[in-house]
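In: Can you look at this prediction? I've put the sequence above it.
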Amino acid sequence: MTATLSKADFQSDQETRWCPGCGDYAVLSAVQQFMPELGIPPERIVFITGIGCAGRFAYYMDTYGMHGIHGRAPALATGLATAREDLSIWVVSGDGDALSIGGNHLIHALRRNVPVKILLFNNQIYGLTKGQASPTSELGKITKSTPFGVADHPFNPVALALGAEATFVARTIDRDRHHLTEVLRAAATHEGAALVEIYQNCPVFNDGAFANLTDKDVKDANQIRLRAGEPIRFGADDERGVIRGADGCLQVVEVADVGEAELLIHDPGRGDPGPALSLAKLAQTPMAPTPIGIFRSVQRPVFGQRGGTVPATEDQLADLLTAGDSWTVA
Amino acid sequence: MTATLSKADFQSDQETRWCPGCGDYAVLSAVQQFMPELGIPPERIVFITGIGCAGRFAYYMDTYGMHGIHGRAPALATGLATAREDLSIWVVSGDGDALSIGGNHLIHALRRNVPVKILLFNNQIYGLTKGQASPTSELGKITKSTPFGVADHPFNPVALALGAEATFVARTIDRDRHHLTEVLRAAATHEGAALVEIYQNCPVFNDGAFANLTDKDVKDANQIRLRAGEPIRFGADDERGVIRGADGCLQVVEVADVGEAELLIHDPGRGDPGPALSLAKLAQTPMAPTPIGIFRSVQRPVFGQRGGTVPATEDQLADLLTAGDSWTVA
Amino acid sequence: MTKQVEELDRVIIRFAGDSGDGMQLTGSRFTDATAMVGNDLATLPNFPAEIRAPAGTLAGVSAFQIQFASSDILTPGDHPNVLVAMNPAALKVNSAELERGATIIVNGDAFTKRNLEKAGYAANPLQDGSLEPYRVHQIPMSTLTTRAVEAIEGVTTRDAGRAKNLFALGVLSWLYGRPTDVTKTWIERKFARTPAVAQANQAAFNAGWSFGETTELLDVQYRVPPATDVPAGTYRNVNGTTALALGLIAASVRSGLPLLLASYPITPASELLHELSRHAAIGVSTIQAEDEIAAAGMALGASFGGRLGVTATSGPGMDLKSETIGLAVMLELPLIIVDVQRAGPSTGMPTKTEQSDLLMALYGRHGESPLPVIAPSTAGGCFEAGFEAARIAIRYRTPVILLSDSFLASSSEPWRVPDVATLPGIDPEFAMTPAHPPDAAEPFQPYSRNERLARPWAIPGTPGLAHRIGGLEKTDGSGNISYDGANHERMTELRAAKVAAIADEVPPLVVDIEPDPAHPTNLLVLGWGSTEGSIRAGVRRARESGHRVATAQLRHLNPLPRNTGDVLRSFERVLVPELNSGQLAMLLRSRFLVDVESYCKVRGQPLFADEIADEIASRQ
Amino acid sequence: MTKQVEELDRVIIRFAGDSGDGMQLTGSRFTDATAMVGNDLATLPNFPAEIRAPAGTLAGVSAFQIQFASSDILTPGDHPNVLVAMNPAALKVNSAELERGATIIVNGDAFTKRNLEKAGYAANPLQDGSLEPYRVHQIPMSTLTTRAVEAIEGVTTRDAGRAKNLFALGVLSWLYGRPTDVTKTWIERKFARTPAVAQANQAAFNAGWSFGETTELLDVQYRVPPATDVPAGTYRNVNGTTALALGLIAASVRSGLPLLLASYPITPASELLHELSRHAAIGVSTIQAEDEIAAAGMALGASFGGRLGVTATSGPGMDLKSETIGLAVMLELPLIIVDVQRAGPSTGMPTKTEQSDLLMALYGRHGESPLPVIAPSTAGGCFEAGFEAARIAIRYRTPVILLSDSFLASSSEPWRVPDVATLPGIDPEFAMTPAHPPDAAEPFQPYSRNERLARPWAIPGTPGLAHRIGGLEKTDGSGNISYDGANHERMTELRAAKVAAIADEVPPLVVDIEPDPAHPTNLLVLGWGSTEGSIRAGVRRARESGHRVATAQLRHLNPLPRNTGDVLRSFERVLVPELNSGQLAMLLRSRFLVDVESYCKVRGQPLFADEIADEIASRQ
Ligand SMILES: Cc1ncc(C[n+]2csc(CCOP(=O)(O)OP(=O)(O)O)c2C)c(N)n1
Ligand SMILES: Cc1ncc(C[n+]2csc(CCOP(=O)(O)OP(=O)(O)O)c2C)c(N)n1
Ligand code: SF4
Ligand code: SF4
Ligand SMILES: [Mg+2]
Ligand SMILES: [Mg+2]
């Protein structure tokens, strides 16, 4: 029966309510399209979301869903995942929801390696509340809450996840359905926690934040596509690449200048997260050439059920009640 | 007058109340000893602490102090630092206080580069509440809250800080007064946020957690002392060292096998935090050879005062009140 | 042709259109012009729910309501007499609330098949007679606007399309004889950098005005004489958010304490953050914290440093701040917590108003942690409330909760600008020497108390006063940690007594009419916070229809005015209308054992004057 | 030599010593032996503040108190008649609370100059006559213990030193004729792996016993006959923590829902986490969350998944959970929140008891978010309370707050173990088909309601019932997001009505004596939660001295028993003793307009029977 599932089986009857042109539409459509691949019936799939435009995602998926409170989706999901190993659990969160108010739950879910897939819609702005700065807004950005420009250095979500012991960390883009789907596939098959940062355009409050990576004429020059086992190179004609410089830091070079042999080979399976962090920090904001794809994918025991799924029997309970010294009064 | 300050000037009249043999005593004494070096009068120094045994620290320093609530010291300190640039502000926190309940405030204080020095007393246990697991407790550890062993993979505080955009990250040990003081000195002179992880022994609930790095007979074999600009090597006769292997990961080797030239040169000033993360993760727990010292120290604008220190004048206020369209009724 | 002029005492107009139609702008321009005329007025914007919905849909409708009159008015009004509807959706959403016989002015061009469908109209309401009970004026605004501007050099069709709201403004300005120069100068200022656009807007406005003047369509012009009962002074329009921001800044100036607001965005409290963040130039620091817990902590940290620490949020954020507020109670430091209430529980209805956080403000923390609670009752009153909250926080070294709400924050009214010199001074009375108060023992006793039971506030940097404070119970006087039972009981009583004693400075509860023995008034309508306007308007109507009824409004919820009990007992019946399930009533009943009656409205809307009038009538 | 035997009706013994002296162990061993005798008993440990203080200091003193009697008793007792003091500090800290003429047994060896100084004694109290009013027995326990064990193969001097608490146990066991076999078997079990230590402890115990038997020092032996008024059944000793854990597990078994506890450590609630984490083998999952917010979220997430979600904390943690509890109110899912109250506000006095979270439990969330609140009144009663909380949470799909406190959690008493078969079943009634309840509309209506107003609980994995829930207001029935005012009012009323209706299943408030027209009882003492024992004991004393007074205890704080108002009104005066500033009194006054009087104690201690007796006397 699950074999016959189609995109339509994952579309709820609720009218989608995002602004015209919002990147969320593209991600929703891609996710609904991908779901049948899981081969899991909709009733065993759960979407748990936080508050924000991204948070509305749950209402549009015809699966079980919980629209939680701001920033707490990873905690809700951790409880559900611990209680119900039989479910496929997805968290959808925004850059404010996941990294500002929800930062603590995110890093703990990652270190515990809770079996949930976390989709972080990063539009580098607060959308639902109409345009305040987010922890990923670039320095100097003018927003409703920062009329003189953002003064706090932003987080790099991939870097934060790597420092937080994440076992799977990836980055993709709303507009690139193919790449997005590939990454979703990898995240879905990963055992344990997966963090997927999705660059998502907010045409209303932060339009063009990722134009560098999405506009036809410049994207090739700026998308550094990470492929396991392959040298890291990019550009219209793969003319540029990444090497580890003499100073021990990664740097972008012209392949011609250094020779292909010098290029760094991408390996998401490294135990040492250092090189992945170096890649994540190649660009602090997506205005420079920016790696996308899977930064890290390693195996580690999954945070799982503690007490099993069946309560005590009545006999076990009876024994428990009289455990320790007991006496009888006739 | 500040020239004549001595340790005694920083000792409060409160009786110190830690368990006999607690590592906190050594740190307290070292800090009190070091304070005069700052050349700042006690009244311009503030210690803000969270809840935990470490949290009691504030009461023992004869400076201004606030013993806050659990996990929130970095937030309290951020407010104070923003309001009062003229103060030297120190946060003292435990591994539970800083990394469990307070994780979010810690990473945000680091990314904002708030000018506070954060001393994280890591005893890998909850002391004040009598022995539950902490986010740094090693896998499998039996504690009051984990009778079958800790099931969550621990945080590595240095790694977390590096992923959180920290500009200064160091690690030292309660028992090594000299090294501890060196690190305090560097942290104090760093402009912006400094995170100092201090391995601290809790003889009552987690005795010997750092024996590997403190016991005479084994410490030389396990302390990897990081020195800026020098090759990374250790061991009684510096016979071992750290190199970057062919696979791109760091590894510990016998210097003899690879030759000194191959050794990694330590540079805390690298823009790219990747190599520092690799070092931090050389040992997931201090049971293996573990780097101590300054992992990262870079410059970045400091999160500072927004609105300045003087309120509006009465004239400015009057103008403000009538700003926009106003009219007069006679 | 000259037209007949009809005089009116009061008018309620609602401008409604698609989010993109610029109705908020039209409304506020009309408001400014109206203020200039000297009418009294009150306004209320009504935005669509957070996310911008597709153009033309019901969810996308944005509206702005204004009531203006020749005598003082109290609310933006319950039921509009005039609706300006820029598209079918706007008509659909708003027609239900119109008074019978109301005037409806629509942009006929917008009533296309597509738009009608989007609005869910089976048939065109302009044709199917469903608008029979109203006076409908159809004006092809888009067409006329385009025609008016097409000649202008460098104007895009997009500019033309967007200018139609000024056409509407022109029509209404003519209809109610609003001055045109205010609008003219505004257009010039606003579009100074794009002269073409400025011209286009001016042209559209003029076109609307002359349309009114010339066409047969509108046969009467109305006149609402200026309000005569207005005290002299300088006035401006403010909504509750602006007034509150100004009140806090004024307190900062009068106390000499720089203001630090740490806040985390949340509807409808974000506006205060936006507002204050613009004033960095005059000593106002703002931090967008990582969450509400941090925001409260940062504000408290600033207070410890001798600043005026403020944090602002709405319901869900209040939950999160409660632990830190409790710490502030224990530290006995000044802290202002602004709660712009919205419809709960949980995420509830974020854009809707409610008064359901009162009991949480009083009891929403573990342990015995009393603190003062203040609730402004008008948009302008938010200025005094902000100032008063700061004054109390500083004088008594205590956190203060200020309960505003979504309605107060966004509704606006003319506000008489106070003379700065007349604002009371606020002396922070920082401790400078160990002996503080002078007769206190040395070494410095951070938990000694003055006549108000307030403790000394010694800020870092003060030599000789270095001390440690924290959340653990402390010894009376020295402030050292104490687990002594008797001390804990004493400190618990002291914290409560300090807050209770603030009543000495709380103005008595004022009933709006003197009890007249001849005709005893047996009913008191007692409200709190933002409901004042509607209650007074409702009471006024009840009186007009002959009912004897008195009213009073509580602005201090803790401590209550000292005469509250006497006032309650001096009436046979007391009616307490609230936008919750009876929270103030619960307080009053337990405090005074008076059987007050509740009128509870929990619909996410402000109270309506009609409802009060009806409740009164039903009791007499 | 045979000694005279004196019969006693009740005895209160306090074992006190340094944290290292093992007094908790001595006390619990003595308790078990006492239980075997068939005495009724109640015990209370008293640990030093969190951090272990230096040996011999006042801060390091640990004590364990037991009251045992031949007739039913209600509390661990106010003033001990016997104090066992292992060192000077223990004597200093505890002597003040002894009754006049009490017996003091000290370890003479410990009264060294150094220890006396540490305890702050200028002169040795054993010599300076300051203990005149007491009967003091000095026993060189350390010396005698060492002598008794030194012969034993493989015993270190350290083992010897530590065995002296068993010597003390031996002495007291002889003094009160406690059976020795219980202790013997316990020693064997406990030290099975270290026979030498086992032997040493046994030897020390025997030495203590024979010391009592042989020396002149102790001339009388006491006998407390077994309690005769005890109902038949199997008994064990439990403290409130264990009883609560068992109650929750029992509910899990009877409902078939695996238990998931997510909690963040905090004194005194951590013990529940420790206790439950041991039962992983029988379907109990426990997670130590990163903070209290996460803990509540994890428990709620588990509930969504069809588990029995529980979270436990104390005051500061309650503040942090409030937003998530509000979400649970909106989601209408079962959730149990245990609040083990401690002295507040803020960090307060973490190891001390208080009842000051009642109003926060009821009103500590923004918006109108009603939920049931239950408060057990005895250690054993925590079993029923835990079970009942789960039953209500599941039947009504609602979060339930259970208010325990530090005193209840750690005090212990004999508990009659219930027969598992007699425990009521709890049917989770999971929704399995879209039509649920059967007459409901399709598609699945997650917010339709049954006769109890409870909504269907459809858990992930159930085909055809996939649905979305969240914190935004929802349409009655369908559960879709709604901003409609009328719907919001209806939903607000429904949520309140559902909780109020639980009163149908709340047992009536029972007054302990029938009103007797002949001698009217004009005073009711009404308590709630953990004060029951002290109140009943106090009332009993008052009656013994001739006062006519009735008493009753509330275990359901929301909703209140339906007859509460009638009960209050049937007395002239109502006295409400509380360990807070009058929180229940406030509730009752507003609900019933009855002028109840408060007796407030906020000293971080449990209520004392004397205090109640005095309060009663002062009113008659
Ligand atoms: C406790 C709490 N604080 C604040 C809010 C208000 N709020 C809702 S969404 C949001 C942030 C939205 O930004 P983001 O997470 O980036 O999501 P986006 O809307 O951009 O998709 C905020 C501050 C809330 N609902 N709850
Ligand atoms: C909100 C809140 N939750 C829980 C606690 C209880 N608590 C106090 S300290 C602490 C953790 C102590 O561990 P750590 O931070 O490592 O400090 P340490 O005692 O080990 O120095 C906890 C859970 C609290 N005081 N407040
Ligand atoms: S505000 Fe931005 S993120 Fe939100 S729905 Fe609109 S376009 Fe999308
Ligand atoms: S419990 Fe551990 S950390 Fe705390 S004071 Fe004692 S030894 Fe130190
Ligand atoms: Mg965003
Ligand atoms: Mg610790």
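Out: Now that the structure is in, tell me what you want to look at. Ligands and ions are numbered 1, 2, ... in the order given.

In: Near ligand 1, which residues of the stretch 151-300 of chain C are found?
Out: Residues of the stretch 151-300 of chain C found near ligand 1 (C-beta under 6 Å from any ligand atom) are C:264, C:265, C:266, C:292. Where C-beta positions appear, they are placed from N, C-alpha and C, glycine not excepted.

In: same deal with chain C?
Out: Residues of chain C lying close to ligand 1 by C-beta under 6 Å from any ligand atom are C:264, C:265, C:266, C:292, C:316, C:317, C:320, C:347.

In: Number of residues surrounding residue C:15?
Out: Look at residue C:15: counted by other C-beta atoms under 10 Å in any protein chain shown, it has 33 neighbours.

In: which residues does it contact?
Out: If you count contacts by C-beta atoms under 8 Å, 6 or more residues apart in numbering or on different chains, residue C:15 has them with C:23, C:26, C:27, C:30, C:63, C:64, C:65, C:84, C:168, C:172.

In: mind putting the residues of the stretch 151-300 of chain C next to ligand 1 in CSV, pLDDT and secondary structure included?
Out: Listed next are those as CSV, based on pLDDT from 0 to 100; DSSP: H, G, I helix; E, B strand; the rest coil:
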residue, pLDDT, secondary structure
C:264, 98, coil
C:265, 98, coil
C:266, 98, coil
C:292, 98, helix
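
In: any chance you could map the helices in chain A?
Out: A:23-34, A:57-60, A:73-83, A:95-96, A:103-112, A:157-163, A:177-189, A:211-214, A:216-222, A:255-258, A:274-280, A:314-321 (DSSP state H).

In: and the first one, is it in reach of chain C?
Out: No. Judged by C-beta under 8 Å from any C-beta of the partner chain, helix A:23-34 stays clear of chain C, getting no closer than 9.6 Å.

In: for that helix, packing partners?
Out: Using 3 or more C-beta pairs under 8 Å, 6 or more residues apart in numbering or on different chains; DSSP states H and E as the contact criterion, the neighbours of helix A:23-34 among helices and strands are helix A:57-60, strand A:117-122, helix A:177-189.

In: again with the last one
Out: Counting contacts by 3+ C-beta pairs under 8 Å, 6+ apart, helix A:314-321 is packed against helix D:240-255.

In: and the helix it packs on, what does it pack onto?
Out: Contacting helix D:240-255 under the criterion 3+ C-beta pairs under 8 Å, 6+ apart are the following elements: helix A:314-321, strand D:259-263, helix D:270-277, strand D:308-313, helix D:381-396, strand D:399-405, helix D:406-410.

In: Among the contacts of residue C:15, which one sits closest to residue D:193?
Out: Nearest to residue D:193 out of the contacts of residue C:15 is residue C:63 (C-beta to C-beta; 79.5 Å).

In: Check which helix or strand that closest one maps to.
Out: Using DSSP states H and E, the secondary-structure element containing residue C:63 is strand C:61-69.

In: Dump that strand to PDB, keeping only the CA atoms.
Out: As requested, the backbone C-alpha atoms of strand C:61-69 are provided in PDB (Å, rounded to 0.1, in the frame of the first residue of the first chain):
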ATOM      1  CA  VAL C  61      -7.700  42.800   4.200                       C
ATOM      2  CA  SER C  62      -6.200  45.700   6.200                       C
ATOM      3  CA  ALA C  63      -8.400  48.300   7.800                       C
ATOM      4  CA  PHE C  64      -8.100  51.600   9.700                       C
ATOM      5  CA  GLN C  65     -10.900  53.100  11.700                       C
ATOM      6  CA  ILE C  66     -11.300  56.600  13.000                       C
ATOM      7  CA  GLN C  67     -14.000  58.300  15.100                       C
ATOM      8  CA  PHE C  68     -14.000  62.100  15.200                       C
ATOM      9  CA  ALA C  69     -16.400  64.400  16.800                       C
END
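
In: so what strands line up beside that strand?
Out: Using DSSP bridges, strand C:61-69 pairs in its sheet with strand C:10-18 (antiparallel), strand C:40-46 (antiparallel).

In: What is the subsequent helix or strand relative to the longest one?
Out: The reference is to strand C:10-18. Secondary structure here is assigned by DSSP H and E; on that basis, the next helix or strand after strand C:10-18 toward the C-terminus is helix C:23-37.

In: which residues does the closest residue in space to residue C:163 that isn't next to it in sequence contact?
Out: The shortest distance from residue C:163 to any residue other than its chain neighbours is 3.9 Å, reached at residue C:204 (C-beta to C-beta, 6 or more residues apart in numbering or on different chains). With contacts defined as C-beta under 8 Å, 6+ apart, the neighbours of residue C:204 are C:145, C:148, C:149, C:163, C:164, C:166, C:167, C:170.

In: Could you give the separation of stretch C:589-601 from the chain centroid?
Out: 25 Å (C-alpha atoms, centre = their mean, to the nearest Å).

In: oh sorry, the question was meant for stretch A:4-21
Out: Taking mean C-alpha positions (C-alpha atoms, centre = their mean), stretch A:4-21 and its chain are 21 Å apart.

In: Provide the secondary structure category for residue C:575.
Out: At residue C:575, secondary structure determined by DSSP: H, G, I helix; E, B strand; the rest coil is strand.

In: Just list the residues touching it, thanks.
Out: The contact partners of residue C:575, by C-beta under 8 Å, 6+ apart, come to C:523, C:524, C:525, C:526, C:596, C:597, C:598, C:599, C:615, C:616, C:619.

In: so which of the residues you listed is the most crowded?
Out: Neighbour counts for the contacts of residue C:575, by other C-beta under 10 Å, peak at residue C:525, which reaches 28 neighbours.

In: still on that earlier bit, any idea which of the strands paired with strand C:61-69 is most buried?
Out: The highest mean neighbour count among those, using mean count of other C-beta atoms under 10 Å in any protein chain shown, belongs to strand C:10-18: a mean of 25.
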